[in-house]
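Enquirer: The sequence and its predicted three-dimensional model are supplied below.
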2 protein chains.
Amino acid sequence: MNQSETECCEVMQIHEGAVQKVNADMPPEELLYDLAELFKVFGDSTRIKILYALFESELCVCDIAQVLGMTQTAVSHQLRVLKSNKLVKFRKEGKNVFYSLDDDHVRRIIDQGMEHLGE
Amino acid sequence: MNQSETECCEVMQIHEGAVQKVNADMPPEELLYDLAELFKVFGDSTRIKILYALFESELCVCDIAQVLGMTQTAVSHQLRVLKSNKLVKFRKEGKNVFYSLDDDHVRRIIDQGMEHLGE
DNA sequence: CCTTCATATGAATATCTGTTCATATATTAT
DNA sequence: ATAATATATGAACAGATATTCATATGAAGG
């Protein structure tokens, strides 16, 4: 049998008001999707480590690889993700590419997460 | 050829200080892992929608399913994830189970994320 | 007790994601 | 130019994850 998405709770009048109010105030689909995409970027321990490393100072790719004990390739791939989501910015100097946090939101989001954990 | 993790930048003296400082201040592995796990929970649009819906008021499972236009089963699975990560709490009333946000951190984390997007 | 309804759970599947390997690009020095 | 080094990229594979389907649990009413 196939579950219909419209029939639900046999149309309970009690909750119908709540459902309508929630529906009215729900942000557009696309925004919610983008928000989830953003958090997805924070949802990987390798990327979290990279961001934490950049809390201190700007670092080049091989420095980050050394700090994390990972290959340059893996780090480079993750930096690409962080870059395309505007969480880090970079600066080229000779053969090196130095990465740093893009703005303070990054720090604040991580701090909020940490606060939640400490409970 | 196998990339060694230790050889990196041919031991550049310039960055070595930075690397050591970063290493010293890096939080323990497990904490960083837990933090990533937390953000991973926010990194799914279905769960984000559920949390947004609960911003307004507590809702039972079928109400949420109706708001999202998804099956009860899918919502229930996701509520399980949110529950086990302490992002939502629940209250039973007869056959219904009403879910609500667990604490204000949830709201704040989402707000920070939204702020980041608006740039 | 038996049925109905709301919710939960387990297995299966399809999709997504992170790392590795091989290789390309780009910059500096010889 | 050529070699060496730092970084980036693409394909492939392994592991994770979200949804679906089928079914179980648990509460309320007849």
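Expert: Right, received. Where do you want to start? Numbering: from 1, shown residues only, chains lettered A, B, ... in the order given.
Enquirer: Centre-most residue in chain A?
Expert: In chain A, the centroid-proximal residue (Cα atoms, centre = their mean) is A:F39; its distance is 2.7 Å.
Enquirer: Do I have it right that A:C60 meets B:A18?
Expert: No: when contacts are counted by Cβ atoms under 8 Å, A:C60 is not listed as touching B:A18 (9.2 Å). For every residue, glycine as well, the C-beta is placed using N, CA and C.
Enquirer: Compare those two (neighbour count), which wins?
Expert: A direct count of neighbours by other Cβ atoms under 10 Å in any protein chain shown for A:C60 and B:A18 places A:C60 higher, at 25 against 18.
Enquirer: Phi and psi next, for the closest residue to that one other than its chain neighbours.
Expert: Spatially, and ignoring its direct neighbours in sequence, A:C60 is nearest to A:N96 (4.3 Å; Cβ to Cβ, 6 or more residues apart in numbering or on different chains). When quoted as degrees, to the nearest 10, the phi and psi of A:N96 stand at phi -90, psi 150.
Enquirer: can you pull up the bridge partners for A:N96?
Expert: Taking DSSP bridges, one obtains A:E93 as the residues bridged to A:N96.
Enquirer: so how far is DNA strand D from the nearest residue to A:E58 once chain neighbours are set aside?
Expert: The shortest distance from A:E58 to any non-neighbouring residue, by Cβ to Cβ, 6+ apart, is to A:S100 (3.9 Å). In this structure, A:S100 and DNA strand D are 13 Å apart, going by Cβ to the nearest atom of the strand, to the nearest Å.
Enquirer: Quickly find the element holding A:S100.
Expert: When elements are defined using DSSP states H and E, A:S100 is found to belong to strand A:96-101.
Enquirer: Next, count neighbours for the nearest residue to A:V106 once chain neighbours are set aside.
Expert: For A:V106, the nearest residue in space outside its immediate sequence neighbours is A:L87; the separation is 5.3 Å by Cβ to Cβ, 6+ apart. With neighbours defined by other Cβ under 10 Å, the count for A:L87 comes to 24.
Enquirer: So A:L87 versus B:S45, what's the distance?
Expert: According to Cβ to Cβ, to the nearest Å, A:L87 and B:S45 sit 19 Å apart.
Enquirer: With adjacent residues omitted, what lies nearest to A:F42?
Expert: The shortest distance from A:F42 to any residue that is not its chain neighbour, by Cβ to Cβ, 6+ apart, is 3.7 Å, and that residue is B:F39.
Enquirer: Mind pulling up the pLDDT for the one you found?
Expert: What the model reports for B:F39 is a pLDDT of 98.
Enquirer: And the helices in chain A?
Expert: A:13-25, A:29-42, A:45-56, A:61-68, A:72-84, A:104-117 (DSSP state H).
Enquirer: Now distance to B:G118 too, for those, in a markdown table please.
Expert: A markdown table is the format used below for these (distance: least, Cβ to Cβ, whole Å):
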| stretch | distance to B:G118 |
| --- | --- |
| helix A:13-25 | 18 |
| helix A:29-42 | 10 |
| helix A:45-56 | 20 |
| helix A:61-68 | 29 |
| helix A:72-84 | 18 |
| helix A:104-117 | 10 |
